[in-house]
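Participant: structure, please.
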Amino acid sequence: MCDNLFNNDTIMSKYDDASLIMFPSGYKEDKIYSLKPTDGSGDLTFTRASTATRVNSDGLIETASVLGSEEITNGDFDGNANNWTLDSGVTYGDNNLVFATDSNQKATQTQTFTVGKTYRVSIELVAYTSGIITVRMGSVPQVITTDIGVKTWDIIATGNLARIEGTFGIGVSATIDNVSVKEVITNNVPRIDYTGGGCGKLLLEPQRTNLFTYSSEFDNAAWGKTTSGSAAAPVVTANYAISPDGTQNADRVYFDAVGVSSSDRSGLVQNFAFTTGQVYTISAYAKSATGVNQILQFRVAGVQVGGELIATSEWQRFNVTFTATATTTDNFGIQLRGDNTSNESDLILYGLQLELGSYSTSYIKSEGAATTRLADSCSKTGISSLIGQTEGVLFVDFQLNQAPSDTNGRLLQLWATNDTTNSILPLVNQSNQFQLAIFGSASGGAIIPASASTLLGLGQNKIAVAYTSTSFVVYRNGVLFASGDPTGFFPTSLTSLDLGGSSFAARNLSNPVNQAILFKTALSDNQLADLTGGNKTTFNALAEFYGYQIL
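Facilitator: Numbers count the residues shown, from 1 in each chain. Next up, the predicted model:
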């Protein structure tokens, strides 16, 4: 169950006092719903002009998506054909479409689909006796399994004809109903991520590129199979096991390292133009194919980086960060070495990623070319009525898993003109130190500078910044953390916010956000301590109190 921030006896009063509450749950394309205000005026705008993955509540990797408008209407066959063209032997009955026994029957409806876009097709199989039923969008058939119920597929359109048909020369006797075809939207869809379990967190990441041209198809020629010494080339069995995305698309790779010399190796490699001094991170999902612990190594230009890694019988994501020592085109590889006790390694692999940066980000699938996921952005303008203009509190509950990718990562930035004119900027620098900068109409700067005393610990950080025209107080995880005096450059006419980044510069927080809240009045020290620490109760109580439905 998801936890919110407050004790039972204070939940109503504190949430009544809040002017804006963002708890990452409800969302759609371009938007994250706020719990408060309930009229939608505080809903946040979200952008990311590319697809991206997340870990869902079942622990599986998936592409974040929502469904667009329905492409096929009147698909419930309620007593008529509803614009479908039926072959002889196909009839419509009471709220369904009936295929009688025949060798090749079709029901077709022409729609305008965009070739290359993905559409979600849903069909209810009401009854089944014999034969094979398929659904098509263009030329590629998808076979409907013969168990009764609703079947759903994501299909990339190859033409503009939607078909439901019995094919392959096998007689069909079946009844279908409730046909739906909707576009699958992936760009600008917020990612509520469940990595590590618990409540969903809003994932806000910088732009990154997976440099590998094929991230999971290790039988592809893009992956060289190398040997040295007396070892044989690795052997790949494609689609051998269920991967972390829940489908059977993980490859088994048997690495031979027969011999007793450390030079006896086999490996998978790709070549890259590394730049000296640049920091790179390699990541891969791996597990043992035999149930016995297996050894793997990451190697660059033949040199091991990151030490020996142990793959168990459970999926793990391995991460290794290294700094290039030369500007050269050279190979990266997963390799195994032979010795007196370990002469082979048998692994199941998925989702290899090589990216420029000091930590790994969410999985970026590549299928034939280096693939880029663009940066996430979350903001809201025109909300001066929700921001305390002379006093207030901004609160962010976030997971600090790694240092921000940029010079500093903004937590919850309030601004009017821009981020250096009339603004309040709580941030985390690349040394994981907190800093608070304030700008008025003509001047400003850091009123709480980054220092050893403002170092943030990894893990959950709940930070509340209470402000008036004469003082700023920061509480972190239930205790007073820092304070400062904004006299002389307090901002005016605050109208907008940026969550986990900035509208004006690369300032990505690079860490998931659990919750964000604004108050239009400054809370007391005891209230700030309670807000950032104290006992917790379930989010369900809050949702019930506000009548909020998770979408």
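
Participant: can I assume residue 121 sits in a helix?
Facilitator: No - secondary structure of residue 121 (DSSP: H, G, I helix; E, B strand; the rest coil): strand, not part of a helix.

Participant: touching, it and residue 152? I think so.
Facilitator: Yes - here residue 121 reaches residue 152: they are 6.9 Å apart, a contact under C-beta atoms under 8 Å. All C-beta atoms are positioned from the backbone trio N, CA, C, and that covers glycine.

Participant: compare these two (neighbour count), which wins?
Facilitator: residue 121 (22 against 9; other C-beta atoms under 10 Å).

Participant: residue ranges with poor pLDDT in this protein?
Facilitator: For the chain, the stretches flagged by pLDDT under 70 are 1-14, 101-103, 166-171, 258-262, 336-343, 534-551.

Participant: contact partners for the residue of it most remote from its centre?
Facilitator: Distance from the C-alpha centroid of the chain, by C-alpha atoms, centre = their mean, peaks at residue 88 (47.5 Å). Counting by C-beta atoms under 8 Å, 6 or more residues apart in numbering, residue 88 touches residue 105.

Participant: same check, this time on residue 330
Facilitator: 271, 272, 274, 300, 301.

Participant: neighbour-wise, which of the residues you listed leads?
Facilitator: That'd be residue 274 among these, by other C-beta under 10 Å, with 24 neighbours.

Participant: measure residue 405 to residue 483 for me?
Facilitator: Distance from residue 405 to residue 483, counting by C-beta to C-beta, to the nearest Å: 29 Å.

Participant: domain ranges for the chain?
Facilitator: Following automatic domain parsing, one gets these domains for the chain: 11-49+378-546, 70-185, 208-373.

Participant: mind putting these into TSV with distance to residue 201?
Facilitator: As requested, those are arranged in TSV below (distance: least, C-beta to C-beta, whole Å):
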stretch	distance to residue 201
domain 11-49+378-546	4
domain 70-185	21
domain 208-373	12
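
Participant: among these, which is nearest residue 192?
Facilitator: In terms of C-beta to C-beta, the element of those nearest to residue 192 is domain 11-49+378-546, at 5.0 Å.

Participant: centre of the chain to that closest one, how far?
Facilitator: When C-alpha coordinates are averaged (C-alpha atoms, centre = their mean, to the nearest Å), domain 11-49+378-546 and its chain have centres 22 Å apart.

Participant: run through who's touching the strand or helix carrying residue 480.
Facilitator: Element membership for residue 480, per DSSP states H and E: strand 479-484. Contacts with strand 479-484, where a contact means C-beta under 8 Å, 6+ apart, come from 434, 436, 438, 447-448, 453-454, 463, 471-475, 525, 529, 532-533.

Participant: list the neighbouring strands of it plus their orientation.
Facilitator: strand 472-476 (antiparallel) (DSSP bridges).

Participant: wait, residue 486 sits on residue 467?
Facilitator: Yes - the pair formed by residue 486 and residue 467 meets the contact definition of C-beta under 8 Å, at 7.2 Å.

Participant: who's more crowded, those two?
Facilitator: Ranked by neighbour count (other C-beta under 10 Å), residue 486 and residue 467 place residue 467 first, with 25 against 22.

Participant: so how far is residue 345 from that one?
Facilitator: Residue 467 is 57 Å from residue 345, by C-beta to C-beta.

Participant: next SSE after the strand holding residue 480?
Facilitator: Downstream of strand 479-484, the next assigned helix or strand under DSSP H and E is strand 496-499.

Participant: identify all contacting residues around that following strand.
Facilitator: 22, 44, 202, 204, 377-383, 387, 396, 410-416, 419, 503, 513, 516, 518.

Participant: what do you get for stretch 305-324?
Facilitator: Under the criterion C-beta under 8 Å, 6+ apart, residues 244, 274-288, 291, 293-300, 345, 347, 350-351, 358-360 lie in contact with stretch 305-324.

Participant: list buried residues within those residues.
Facilitator: Among these, those that count as buried by neighbour count (16 or more other C-beta atoms under 10 Å) are 244, 274, 280-288, 294-300, 345, 347, 350-351, 359-360.

Participant: and the closest residue to residue 126 other than its chain neighbours, what is it in contact with?
Facilitator: Of all residues not flanking residue 126 in the chain, residue 175 sits nearest, at 4.3 Å (C-beta to C-beta, 6 or more residues apart in numbering). The contact partners of residue 175, by C-beta under 8 Å, 6+ apart, come to 93, 96, 97, 98, 99, 125, 126, 127, 128.

Participant: that's a helix at the last one, yeah?
Facilitator: Going back to what we said before, that points to residue 128. No - Residue 128: not assigned to a helix; according to three-state DSSP it is strand.

Participant: residues near it, how many?
Facilitator: 18.

Participant: wait, it sits on residue 149?
Facilitator: No - applying C-beta under 8 Å, one finds residue 128 not in contact with residue 149, separated by 10.3 Å.

Participant: buried residues in stretch 311-322?
Facilitator: In stretch 311-322, counting by 16+ other C-beta under 10 Å, buried: 311, 315, 317, 318, 320, 321, 322.

Participant: let me redo that: stretch 108-128
Facilitator: 109, 113, 118, 119, 120, 121, 122, 123, 124, 125, 126, 128.

Participant: for residue 491, grab phi and psi.
Facilitator: phi -70, psi 160 (degrees, to the nearest 10).

Participant: that one and residue 423 touch, don't they?
Facilitator: Yes - using C-beta under 8 Å, residue 491 is in contact with residue 423, at 5.8 Å.

Participant: so what sits against both of those two?
Facilitator: What both residue 491 and residue 423 touch, as defined by C-beta under 8 Å, 6+ apart, is the set 414, 415, 416, 438, 439, 444.

Participant: may I have stretch 317-337 as PDB, with CA atoms only?
Facilitator: Output of stretch 317-337 as PDB, limited to C-alpha atoms (Å, rounded to 0.1, in the frame of the first residue of the first chain):
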ATOM      1  CA  ARG A 317      20.800  -5.300 -13.800                       C
ATOM      2  CA  PHE A 318      24.500  -4.900 -13.700                       C
ATOM      3  CA  ASN A 319      26.000  -1.400 -14.000                       C
ATOM      4  CA  VAL A 320      29.600  -0.400 -14.600                       C
ATOM      5  CA  THR A 321      30.900   3.200 -15.000                       C
ATOM      6  CA  PHE A 322      34.300   3.900 -16.500                       C
ATOM      7  CA  THR A 323      36.300   6.800 -18.000                       C
ATOM      8  CA  ALA A 324      37.800   6.400 -21.400                       C
ATOM      9  CA  THR A 325      41.600   6.700 -21.400                       C
ATOM     10  CA  ALA A 326      42.000   7.400 -25.100                       C
ATOM     11  CA  THR A 327      40.200   8.900 -28.100                       C
ATOM     12  CA  THR A 328      39.900   5.900 -30.300                       C
ATOM     13  CA  THR A 329      37.500   3.600 -32.100                       C
ATOM     14  CA  ASP A 330      37.600   0.400 -30.100                       C
ATOM     15  CA  ASN A 331      35.500  -2.400 -29.000                       C
ATOM     16  CA  PHE A 332      33.300  -2.900 -26.000                       C
ATOM     17  CA  GLY A 333      32.400  -6.400 -25.100                       C
ATOM     18  CA  ILE A 334      31.000  -8.900 -22.600                       C
ATOM     19  CA  GLN A 335      33.600 -11.500 -22.300                       C
ATOM     20  CA  LEU A 336      34.500 -14.500 -20.100                       C
ATOM     21  CA  ARG A 337      37.900 -15.800 -19.100                       C
END
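
Participant: cheers, nothing more for now.
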